[in-house]
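Participant: Give me a 3D structure for the following:
(one chain, ligands or ions: 2)
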Amino acid sequence: MNWDDTTDDAAAAAERLVGASADGEDQAVEAALRPKDLGEFIGQEKVREQLDLVLRAARARGATADHVLLSGAPGLGKTTLSMIIAAEMGAPIRITSGPAIQHAGDLAAILSSLQEGEVLFLDEIHRMSRPAEEMLYMAMEDFRVDVIVGKGPGATAIPLELPPFTLVGATTRAGLLPPPLRDRFGFTAHMEFYEPAELERVVHRSAQLLDVEIDPAGAAEIAGRSRGTPRIANRLLRRVRDYAQVKADGRVDREIAAAALKVYEVDGRGLDRLDRAVLEALLKLFGGGPVGLSTLAVAVGEERETVEEVAEPFLVREGLLARTPRGRVATPAAWAHLNLTPPQQAGGRTGGKGQQDLFGA
Ligand SMILES: Nc1ncnc2c1ncn2[C@@H]1O[C@H](COP(=O)(O)OP(=O)(O)OP(=O)(O)O)[C@@H](O)[C@H]1O
Ligand SMILES: [Mg+2]
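Facilitator: Ligands and ions are numbered 1, 2, ... in the order given. Here you go, the predicted model:
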């Protein structure tokens with residue numbers, strides 16, 4: 001990637017084994033593990049079928065493919081799909097991102113240097129500046145930009161024709177896109193979290209590319225802890241591979257995978273140290289809530305944003321934590337997951353027993 005923009009929350013996430021963003025070494029391995037065409041891309045059946053039609057039809061017409069918007073959580077394959085789109089169209093790809101485009105002029109420079117049919121991948125498109133966004137509207141619709149020369153009353157707009165190109169926009173927050181921008185995409189693909197069986201296939205495929213011997217139970221163990229996310233599956237696989245090489249003969253089975261992930265503090269459901277710290281504080285210190293986000297964050301010694309953006313989305317998705325107007329609340333599943341007894345059920349008449357269970361462990 002030729003841009004470098006890491007938000008604080010992304011940086012915090014990257015420090016975690018199950019964090020959904022990629023950095024440094026990860027990016028290199030990630031590139032190596034990327035499926036190269038639609039046939040190799042695992043899961044997302046609907047998106048694949050629809051995209052296949054869009055691209056085939058464009059190819060048959062000898063036309064440039066319509067603009068494509070990819071939305072979905074980090075690590076689900078948006079960047080991968082953008083590269084596949086270019087490959088399937090036999091077109092070159094230019095990669096940039098919303099935060100990298102500070103001024104409309106930056107975007108004009110990129111747009112005016114595109115070749116006919118080229119794919120422009122605009123990652124984090126929801127983080128583009130307003131003026132750039134408005135320039136993009138016209139570029140997408142009319143393949144034209146107005147380059148403003150000069151300032152104040154003397155400024156003139158010089159229209160510039162662009163070759164037809166395909167914009168592929170990616171966003172983790174489709175809701176933040178202004179409707180005029182969203183409407184200019186001919187096709188929107190919403191990427192879902194992956195099923196465990198699909199992640200098993202991802203693990204097997206990556207293991208083969210990395211030359212790791214893994215049996216089906218080992219792959220299932222890793223897939224089950226990967227939070228529906230291929231990037232996390234690949235990352236856990238690499239850590240399990242390390243463990244298997246150092247502690248065993250390099251082969252991965254269920255026992256090795258489980259033992260390795262225990263070392264890395266990823267539990268059976270894919271929760272990591274931070275997720276568990278948040279849950280434990282919520283249960284043990286606040287009796288399951290409701291408790292305010294800031295208080296919860298202080299209790300685990302983390303920034304508010306880290307708890308809210310890094311830990312909570314997965315806990316909410318797993319049905320372990322609920323965000324209510326009165327604060328964060330643990331669900332019965334959370335008590336069960338940490339093997340704790342909710343206070344109202346604890347001990348019946350000897351009410352104090354429950355407190356002991358809560359605070360004693
Ligand atoms: N469908 C898939 N089949 C196989 N591997 C996949 C699939 N989707 C993603 N991956 C793998 O997961 C990793 C992350 O994918 P990718 O970088 O495309 O995610 P992303 O959606 O762009 O994430 P972000 O929002 O953080 O940019 C890549 O290494 C890729 O190989
Ligand atoms: Mg990406």
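
Participant: And for the residue of the chain found nearest ligand 1, the neighbour number?
Facilitator: Closest to ligand 1 within the chain is G77: 2.7 Å, counting by Cβ to the nearest ligand atom. Backbone N, C-alpha and C define where each C-beta goes, glycine included. Number of residues near G77 (other Cβ atoms under 10 Å) recorded here: 25.

Participant: What backbone torsions are found at it?
Facilitator: Backbone torsions of G77, given as degrees, to the nearest 10, read phi 110, psi 20.

Participant: P180 too?
Facilitator: When read as degrees, to the nearest 10, the backbone of P180 gives phi -60, psi -30.

Participant: ok, so what distance separates it from T96?
Facilitator: Counting by Cβ to Cβ, to the nearest Å, the separation of P180 from T96 is 21 Å.

Participant: Please compare the two by neighbour count and tell me which comes out ahead.
Facilitator: Using other Cβ under 10 Å as the criterion, P180 and T96 rank with T96 on top: 20 against 13.

Participant: Packing partners of the one helix or strand the more buried one maps to?
Facilitator: Under the criterion DSSP states H and E, the helix or strand holding T96 is strand 93-97. If contacts are counted by 3 or more Cβ pairs under 8 Å, 6 or more residues apart in numbering; DSSP states H and E, strand 93-97 sits against helix 78-89, strand 119-123.

Participant: need the residues of the protein near ligand 2, please.
Facilitator: Within the chain, the positions near ligand 2 by Cβ under 5 Å from the ion are K78, T79.

Participant: Which part of the chain gets nearest to ligand 2, residue-wise?
Facilitator: Across the chain, no residue is closer to ligand 2 than T79, which sits at 3.1 Å (Cβ to the ion).

Participant: correct me, but D26 touches R235?
Facilitator: Yes: under the criterion of Cβ atoms under 8 Å, D26 makes contact with R235 at 6.8 Å.

Participant: Grab the nearest non-local neighbour of A334.
Facilitator: In space, A334 comes closest to L320 once its chain neighbours are excluded; the distance is 4.3 Å by Cβ to Cβ, 6 or more residues apart in numbering.

Participant: Phi and psi next, for that neighbour.
Facilitator: When quoted as degrees, to the nearest 10, the phi and psi of L320 stand at phi -100, psi -20.

Participant: Just want the most central residue of this structure.
Facilitator: Central residue check for the chain by Cα atoms, centre = their mean: the C-alpha nearest the mean position is that of P74, 0.6 Å away.

Participant: Need the pLDDT of it.
Facilitator: On the pLDDT scale, P74 is placed at 90.

Participant: Could you double-check that it sits in contact with R231?
Facilitator: Yes: in this structure, P74 sits in contact with R231. The criterion is Cβ under 8 Å, and the distance is 7.2 Å.

Participant: picking up where we left off before, who's in contact with the residue of the chain closest to ligand 2?
Facilitator: Neighbour list for T79: R34, F121, D123, A170 [criterion: Cβ atoms under 8 Å, 6 or more residues apart in numbering].

Participant: OK, contacts around the residue of the chain closest to ligand 1?
Facilitator: Under the criterion of Cβ under 8 Å, 6+ apart, the contact partners of G77 comprise F41, Q44, M191, P230.

Participant: Which residue, other than its chain neighbours, is closest to the second one?
Facilitator: Same thing as Q44. Take Q44 and drop its neighbours on the chain: the residue closest to it by Cβ to Cβ, 6+ apart is M191, 5.9 Å away.

Participant: show me the contacts for A311.
Facilitator: Applying Cβ under 8 Å, 6+ apart, the residues contacting A311 are L274, D275, V278, E302.

Participant: and the first one, what helix or strand is that in?
Facilitator: Assignment of secondary structure by DSSP H and E places L274 within helix 273-280.

Participant: Name the surrounding residues that touch whichever helix or strand comes after that helix.
Facilitator: Helices and strands here follow DSSP H and E; after helix 273-280, the next one along the chain is helix 293-300. Residues from elsewhere that reach helix 293-300, judged by Cβ under 8 Å, 6+ apart: 274, 277-278, 281-282, 285-286, 303-304, 306-308, 327-328.

Participant: now with 6 Å?
Facilitator: Here helix 293-300 makes contact (Cβ atoms under 6 Å, 6 or more residues apart in numbering) with A277, V278, A281, L285, R304, V307, R328.

Participant: now the last one, what's its secondary structure?
Facilitator: Okay, so that is R328. Reduced to three states with DSSP: H, G, I helix; E, B strand; the rest coil, the structure at R328 is strand.

Participant: Distance of it relative to A311?
Facilitator: Relative to A311, and taking Cβ to Cβ, R328 is found at 11 Å.

Participant: what distance separates the start and the end of stretch 273-290?
Facilitator: Terminal residues of stretch 273-290 lie 22 Å apart, using Cα to Cα, to the nearest Å.

Participant: Ok, stretch 267-281 next?
Facilitator: Between the start and the finish of stretch 267-281 there is a gap of 17 Å, counting by Cα to Cα.

Participant: Buried ones in it, by neighbour count?
Facilitator: Within stretch 267-281, the residues that qualify as buried by neighbour count (16 or more other Cβ atoms under 10 Å) are G270, L271, D272, R273, L274, D275, R276, A277, V278, L279, E280, A281.

Participant: ok, the residues you listed vs E255, which is closest?
Facilitator: Checking those against E255 by Cβ to Cβ gives G270 as the nearest, at 18.4 Å.

Participant: Quick check, that closest one in contact with T229.
Facilitator: No: between G270 and T229 no contact is recorded; they are 9.0 Å apart, counting by Cβ atoms under 6 Å.

Participant: what about the residue nearest to Q44, neighbour count?
Facilitator: 20.
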